[in-house]
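Undergrad: Next one to model:
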Amino acid sequence: MKTALAQFLLVLWLVNAAHAQTTLKLLPFQGRLTDQNGVAVSNGVRLVQFKIYDVPTGGNPVWAGELHRTTVNGGLVNVMLGSKTPLTFDFDRQLYLEITVDVSGQAGQPDNAITAADPPMLPRQAILPVVFAKEAADSRKLAGYDWSPIFGTNSPNGPIPASKLADGSLPGSKIQAGSITSNQIASATITGTQIAPTTITSNQIANGAVGSSKIEDGAIQDRHIGVLSHLTASGSPSNSVVVDATGRVGIGVNNPQAKLDIAGTLQFAAMAEQSLGSNGYVQIGELIIQWGQEAAAHDINGNTTTLTFPRSFPNQVFVVVPGILTTPGFSRGVAICVESFNQSTVTVHWDEWANLTQSVRASYIAIGR
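TA: Residues are numbered from 1 along each chain as shown. Coordinates of the predicted model:
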C-alpha cells in the first residue's frame with residue numbers, strides 16, 4: 001500500500017524562552033496521511049522525516065531536519081518541528097518543507113527506518129513568510145542586537161559606559177538645561193580639552209564653586225580675563241584697579257595714561273612705622289630717614305659733639321647732613337661739619353672764628369637703611 005500526504009496545515013509561531021536574549025523557534029505541523037485512494041491510514045505509530053529547503057526541488061537543505069516517531073489517529077499526525085534540531089534561520093524568505101514517511105521495508109511494510117525505499121513526498125510544501133518575519137524577530141532586539149552594545153550588559157537598567165560614546169558625539173544641544181550636576185560627572189574627568197572656548201562664563205559658575213586648588217599656577221593670564229581687569233568690591237571706577245593691554249595700572253581711573261595712574265591721595269602703609277618729634281624717624285620700605293638735635297643750647301666749649309640716632313640703621317648709613325640751631329643773633333663765626341658716623345651715632349666738629357659766647361645746638365638729618 002502506497003501512503004500519501006493528502007492534506008496538511010502549516011502554522012509558524014515563536015515561543016519565548018526564559019531569557020529575553022534566547023528564543024526558540026517552533027514550527028507546529030499537522031497533516032493527514034491517506035493511501036492512493038484517499039483513505040486514511042490505520043491508527044498506529046509511524047516514522048516521519050522532515051527537512052526544509054529554500055528551493056522547491058533539488059538543492060541542499062537549510063535545515064537538516066529531524067525524525068519524529070508519531071502516532072497516527074484517524075490518519076492525522078501532529079508534530080512540533082524544531083524541538084529536536086533548532087531552527088536557527090529566519091523565515092523571511094520562501095521556504096519549502098520536505099516530508100518523507102516510512103512506508104516500505106524489505107517485506108513491503110514499514111520497517112521503522114527512512115531508506116531509499118521511502119521517497120520524499122512531492123511536491124514540497126511551501127512555507128509562506130507571512131507569520132514569522134525577520135522584522136518581527138528583530139523587534140525583540142535593537143536591529144538584531146540586544147542591549148549589550150549600548151549598556152555593556154544585556155540590561156537597559158544602568159548607565160551607558162563612556163566607551164560606548166564616541167568623542168564629540170554628544171553636543172550641548174542634546175543636553176537638557178540644568179540636567180547635569182556634579183552627581184553625573186566622575187571626579188577629575190573634565191579637563192580644558194572638553195570645554196569649548198567662551199562656553200563657560202560667570203553665569204555658569206556658582207558662587208564659591210571653584211577653589212584655588214582647581215586653578216593651576218599661572219593658568220589665568222590677562223588674555224583669559226579680558227583686556228581690562230577690574231578688581232573692585234562695589235563695581236565703582238573710583239574703587240577699581242584697572243590693568244590695560246599694555247600693562248599700565250590705573251587706580252580709580254578706567255583709562256590709565258602712565259605705568260601707574262592714581263586718582264586721589266597716595267598713602268604708603270609702610271610709613272606707619274614712624275616716630276615724630278624733634279628727634280624722630282620715618283621708614284618707607286627699607287629707606288629710613290632720621291633727624292635730631294642736642295637737648296640744650298650751649299656755648300662752644302669743645303671741639304666735637306656726639307649725637308645718638310633715635311634708632312640704629314639696620315644695614316648702612318648713606319649720608320648725614322649736620323646743622324646749627326641757635327638763638328637769634330648768635331652763631332656768628334661758627335661752622336660745623338661731620339667728623340664721623342656709624343649706624344647708631346654721628347659726631348660733629350665745631351669751629352669758631354672768634355672767641356665769643358655762643359648759645360647753639362648741633363642738629364642733623366641722616367638717611368640710610
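
Undergrad: wait, isn't residue 101 in contact with residue 46?
TA: Yes. The pair residue 101 / residue 46 is scored as a contact, 6.2 Å apart, by Cβ atoms under 8 Å. For the C-beta atoms, the positions are set from N, CA and C on the backbone; glycine is no exception.

Undergrad: So between those two, which is more surrounded?
TA: Per other Cβ atoms under 10 Å, whichever of residue 101 and residue 46 has more neighbours is residue 101, with 23 against 20.

Undergrad: Can you check which residues contact both of residue 101 and residue 46?
TA: When contacts are counted by Cβ atoms under 8 Å, 6 or more residues apart in numbering, the set common to residue 101 and residue 46 consists of residue 33.

Undergrad: How about the contacts made by the most centrally placed residue in the chain?
TA: The centre of the chain sits closest to residue 190, judged by Cα atoms, centre = their mean, with a distance of 2.3 Å. For residue 190, no residue meets the contact criterion (Cβ under 8 Å, 6+ apart).

Undergrad: for the record, mean pLDDT for stretch 80-97?
TA: Averaged across stretch 80-97, the pLDDT comes to 89.

Undergrad: any idea how far residue 164 is from the residue nearest to the centre of the chain?
TA: Per Cβ to Cβ, to the nearest Å, residue 190 is found 18 Å from residue 164.

Undergrad: Show me what counts as buried in stretch 64-82.
TA: 65, 66, 67, 68, 70, 72, 75, 76, 77, 79, 81, 82 (16 or more other Cβ atoms under 10 Å).

Undergrad: With stretch 147-163 instead?
TA: For stretch 147-163, the neighbour count (16+ other Cβ under 10 Å) marks 147, 151 as buried.

Undergrad: swap in stretch 34-52?
TA: Here stretch 34-52 shows 34, 35, 40, 41, 46, 47, 48, 49, 50, 51, 52 as buried, counting by 16+ other Cβ under 10 Å.

Undergrad: Doesn't the first one belong to a helix?
TA: No. Secondary structure of residue 34, determined by DSSP: H, G, I helix; E, B strand; the rest coil: strand, with no helix assignment.

Undergrad: State the distance from it to residue 81.
TA: From residue 34 to residue 81 the distance is 21 Å (Cβ to Cβ).

Undergrad: Kindly report the same for residue 129.
TA: For residue 129, the distance to residue 81 - Cβ to Cβ - is 16 Å.

Undergrad: and what of residue 338?
TA: Distance of residue 338 to residue 81, given as Cβ to Cβ: 126 Å.

Undergrad: quick check: domain ranges of the chain?
TA: 3-138, 227-262, 270-368 (automatic domain parsing).

Undergrad: Could I get the full set of strands for the stretch 151-300 of the chain?
TA: Secondary structure of the stretch 151-300 of the chain by DSSP state E, counting those that start in this stretch: the strands cover 229-230, 241-243, 249-251, 260-262, 274-275, 280-284, 287-293.

Undergrad: Let me have the ones you listed in a markdown table, extended by mean neighbour count and mean pLDDT.
TA: A markdown table is the format used below for those (neighbours: other Cβ atoms under 10 Å; pLDDT from 0 to 100):
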| stretch | mean neighbour count | mean pLDDT |
| --- | --- | --- |
| strand 229-230 | 14 | 50 |
| strand 241-243 | 18 | 81 |
| strand 249-251 | 18 | 85 |
| strand 260-262 | 13 | 87 |
| strand 274-275 | 12 | 82 |
| strand 280-284 | 16 | 90 |
| strand 287-293 | 18 | 93 |
